[in-house]
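>>> Just need the structure, nothing else, for what follows:
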Amino acid sequence: MRELTIDGPCGAIEALLDMPADADCCAIICHPHPLYGGSLHDSCVDILARSLAGCGIGNIRFNFRGVGRSEGEFDQGAGEVEDLLAVERWVNHELSPSRLMLCGYSFGAAVALNAQAMSSATRGIVLAPPVGMIKVPGISFPTLIILGAADTIVAAEAAAAHLKHADATIKVLAERDHFFAGADGEIDTVVQEFVSGT
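So this is what the prediction gives:
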């Protein structure tokens, strides 16, 4: 794991890179809401990173503006999309992966989905995108959407209906809430199925 500082639209962006030398794909992982304690160290970000690593995919996670050592202030999602795209530019310039994925959890899922149309990525994985709370556009490329059937923050049925699209693979995990505690194995399975099928 390598600590990085990336130039962003508001100044420094704090990031952590885990990119094995033999990995040809890099996933950018976005964390949950900054105003509710979200950061690159979030447990669901960890779960996503481990699941992707199990598939041979490297990852970079970063703090949005105003979180940790990242400069700037919270910008309701719009500036956070700019932060993500700045990280993507760094990844493409410095690492030149053959494939790029946009991933995120909760607020970070919404940011990742909002960035799709402006991104060079070709795949995405999101957990509990908060449709109904934050503007979430349509899907631009094949995306795995993982929802919790017992999520009281993001209603799985409504989210699935909102994000229904030819390029969306929607998986609803039974008895899992918004925080996916103990769901590591289930997430590993659906991520592996999605990655191996693309």
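>>> helix or strand right after the helix or strand of the chain with the lowest mean pLDDT?
When the helices and strands of the chain are compared on mean pLDDT, DSSP states H and E, helix 156-163 comes out lowest with a mean of 93. Using DSSP states H and E, the helix or strand that follows helix 156-163 in sequence is strand 168-173.
>>> In the chain, what residue spans correspond to strands?
Assigned by DSSP state E, the strands in the chain fall at 2-8, 11-18, 25-30, 58-62, 99-105, 123-127, 143-148, 168-173.
>>> Can I get the ones you listed in JSON lines including mean neighbour count, mean pLDDT and distance to D75?
Using the backbone N, CA and C atoms, a C-beta is placed for each residue, glycine as well. Converted to JSON lines, the strands of the chain look like this (neighbours: other C-beta atoms under 10 Å; pLDDT from 0 to 100; distance: least, C-beta to C-beta, whole Å):
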{"stretch": "strand 2-8", "mean neighbour count": "15", "mean pLDDT": "98", "distance to D75": "12"}
{"stretch": "strand 11-18", "mean neighbour count": "19", "mean pLDDT": "98", "distance to D75": "13"}
{"stretch": "strand 25-30", "mean neighbour count": "27", "mean pLDDT": "98", "distance to D75": "14"}
{"stretch": "strand 58-62", "mean neighbour count": "25", "mean pLDDT": "98", "distance to D75": "15"}
{"stretch": "strand 99-105", "mean neighbour count": "26", "mean pLDDT": "98", "distance to D75": "16"}
{"stretch": "strand 123-127", "mean neighbour count": "27", "mean pLDDT": "98", "distance to D75": "20"}
{"stretch": "strand 143-148", "mean neighbour count": "26", "mean pLDDT": "98", "distance to D75": "24"}
{"stretch": "strand 168-173", "mean neighbour count": "17", "mean pLDDT": "97", "distance to D75": "27"}
